[in-house]
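Enquirer: Here is a sequence with its predicted model. Questions after.
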Amino acid sequence: MKAAVIEEKNNIHLKEVPKPQLKEGEALIKVKYCGICGSDIHVLKGEHPTATFPVIPGHEFVGELVEIKGTGNEEFEIGDYVVAQPFFSCGNCEPCAKGRDNVCQHLCFMGAHTDGGFAEYVKVAVRKMYKIPKDMDLKLAALTEPVAVAVHDVRRSGLRAGETALIIGGGPIGMLIAMVARYAGARRTVISEISDFRRNVAKKFGFDTVNPLDADFDEQISAMTDGKGFDVCFEVSGSKPGVKTAVEKAKITGTVMIIGMTSEPYPVDLSAVFAKELNIQGVRIHSQYNFIGAVELLKNGALNEEFQAMISKVFRIDEVEDAFAFAQVPGDYFKILVEM
């Protein structure tokens, strides 16, 4: 089969590789679309702390079920369109027993530790695979994994209907978190972003926006919250100023969600954490329960118009090198998909 392979740092190219062979409890998917995630870029650039080479990147995929091995899989038929949670968890360690498979002690993530979705075929664990409707736009279904991240982050935050949310960083994940937070009942959802393009798109979706580089940024935030701050601050930028802002702008007894990947330790104002009795919550990927939530959210279509607007450009598999080069240059776009 054809696959995009990272054989060494900053070297991705299309080549012929063996088709995956299945074991009991695994399924083979003929990939239709796979999205490029920031973590794929980290893997390519050698910045992922545990990724190994060679590896086929990609974990945001949708495709057609072509083979399944094992018993008790009557809910699936060959030819079904499916998505799958893109990591393998042991199911036996303490985090897994608590339903926290996303922090499994033996986590094996597709596209970093094992081959992923930038290929004609990908194998997945049947117990992490879900059908999608035949009439669903498959490009939209390719967003299931990043939507699952947003669902996981909002649920883990404890955000309640009528509360306020500040999203720091208006990239694809930040925008999806804002959409899910508003759908979950946030009465005011504000996106802090330096990019004019991203702020303008956020405004089209009906979100309030602020530019953290504005001289009156603090005054704008104060006016939006009557000087109280936000119930939940989602830090998605992975930047030192973003972490600082999240702690500063969380209200007394508020919650700070640490989502953006940081390349170095960042200082936190512990006196503010103490004085305001803040809750600081780290999040990683998504639990299987929240992946199911994303599948159901896409199936009910409530946010599909907004989700569709996240798809900025589609490349063909034979253009995968160009796709990854494009995705590494900051620009006016959100999600990049590759069609197999």
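Expert: On my side now, so go ahead.
Enquirer: Paired strands for the longest strand belonging to the chain, with orientation please.
Expert: Criterion DSSP state E: the longest strand present in the chain is strand 26-36. Note on strand 26-36: by DSSP bridges, its sheet partners are strand 60-68 (antiparallel), strand 121-125 (antiparallel), strand 335-339 (antiparallel).
Enquirer: Report the residue ranges of every domain in this protein.
Expert: 2-143+310-339, 150-282 (automatic domain parsing).
Enquirer: Need those in CSV (columns: distance to residue 300 and mean pLDDT).
Expert: Placement of C-beta: from N, CA and C, glycine included. Below are those laid out as CSV (distance: least, CB to CB, whole Å; pLDDT from 0 to 100):
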stretch, distance to residue 300, mean pLDDT
domain 2-143+310-339, 10, 95
domain 150-282, 10, 96
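Enquirer: okay, those in JSON lines with mean neighbour count and distance to residue 302 next?
Expert: Listed next are the domains of the chain as JSON lines, based on neighbours: other CB atoms under 10 Å; distance: least, CB to CB, whole Å:
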{"stretch": "domain 2-143+310-339", "mean neighbour count": "18", "distance to residue 302": "13"}
{"stretch": "domain 150-282", "mean neighbour count": "19", "distance to residue 302": "6"}
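Enquirer: Output those as JSON lines; include the columns distance to residue 303.
Expert: Shown next, in JSON lines, are those (distance: least, CB to CB, whole Å):
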{"stretch": "domain 2-143+310-339", "distance to residue 303": "10"}
{"stretch": "domain 150-282", "distance to residue 303": "5"}
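Enquirer: Go through those domains and name the closest to residue 301.
Expert: When the domains of the chain are compared by CB to CB, domain 2-143+310-339 sits nearest residue 301, at 8.8 Å.
Enquirer: still on that earlier bit, of all the domains of the chain, which one comes closest to residue 288?
Expert: Judging those by CB to CB, what sits closest to residue 288 is domain 2-143+310-339, at 5.4 Å.
Enquirer: so how far is that closest one from its chain's centroid?
Expert: Its chain's C-alpha centre lies 12 Å from the corresponding centre of domain 2-143+310-339 when counted by CA atoms, centre = their mean, to the nearest Å.
Enquirer: returning to what we had before: tabulate the strands paired with strand 26-36 (a markdown table), appending distance to residue 214.
Expert: What follows is those, written out as a markdown table (distance: least, CB to CB, whole Å):
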| stretch | distance to residue 214 |
| --- | --- |
| strand 60-68 | 33 |
| strand 121-125 | 44 |
| strand 335-339 | 27 |
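Enquirer: which stretch among the ones you listed comes nearest residue 21?
Expert: Here strand 121-125 is closest among the strands paired with strand 26-36 (CB to CB), at 7.9 Å.
Enquirer: Correct me if wrong, but residue 227 is in a strand.
Expert: No - counting by DSSP: H, G, I helix; E, B strand; the rest coil, residue 227 is not found in a strand; it is coil.
Enquirer: The nearest residue to residue 143 once chain neighbours are set aside: what's it in contact with?
Expert: Of all residues not flanking residue 143 in the chain, residue 307 sits nearest, at 5.5 Å (CB to CB, 6 or more residues apart in numbering). The contact partners of residue 307, by CB atoms under 8 Å, 6 or more residues apart in numbering, come to 140, 143, 147, 176, 179, 298.
Enquirer: now the residue nearest to residue 104 when sequence neighbours are not counted: how far from residue 327?
Expert: The shortest distance from residue 104 to any non-neighbouring residue, by CB to CB, 6+ apart, is to residue 89 (3.7 Å). Distance of residue 89 to residue 327, given as CB to CB, to the nearest Å: 28 Å.
Enquirer: so the residue nearest to residue 143 sits in a helix?
Expert: Yes - per three-state DSSP, residue 307 lies within a helix segment.
Enquirer: On the pLDDT front, check it for me.
Expert: Looking at residue 307, its pLDDT is 96.
Enquirer: Mind listing the residues bridging to residue 87?
Expert: Judged by DSSP bridges, the bridge partners of residue 87 are residue 109.
Enquirer: Hmm, residue 110 and it touching each other?
Expert: Yes - Residue 87 is within contact range of residue 110, at 6.1 Å (criterion: CB atoms under 8 Å).
Enquirer: anything in contact with each of the two?
Expert: Common neighbours of residue 87 and residue 110 (CB under 8 Å, 6+ apart) are residue 59.
Enquirer: sorry, back to before: for residue 230, which of the strands paired with strand 26-36 is the nearest?
Expert: strand 335-339 (26.2 Å).
Enquirer: And for the closest one, what's in contact with it?
Expert: By CB under 8 Å, 6+ apart, the list of residues contacting strand 335-339 reads 4, 32-36, 58, 118, 139, 142-143, 146, 172, 310-317, 319-320, 323, 326-327.
Enquirer: I'd say residue 20 and residue 124 touch.
Expert: No - with contact defined as CB under 8 Å, residue 20 does not reach residue 124; the gap is 9.5 Å.
Enquirer: Doesn't residue 173 lie inside a helix?
Expert: Yes - checked against three-state DSSP, residue 173 lies within a helix.
Enquirer: give the contact list for the one residue sitting closest to the centre of the chain.
Expert: With distances taken as CA atoms, centre = their mean, residue 146 lies nearest the centre of the chain, 3.0 Å away. Taking CB under 8 Å, 6+ apart as the contact definition, residue 146 lies against 35, 37, 60, 172, 173, 176, 335.
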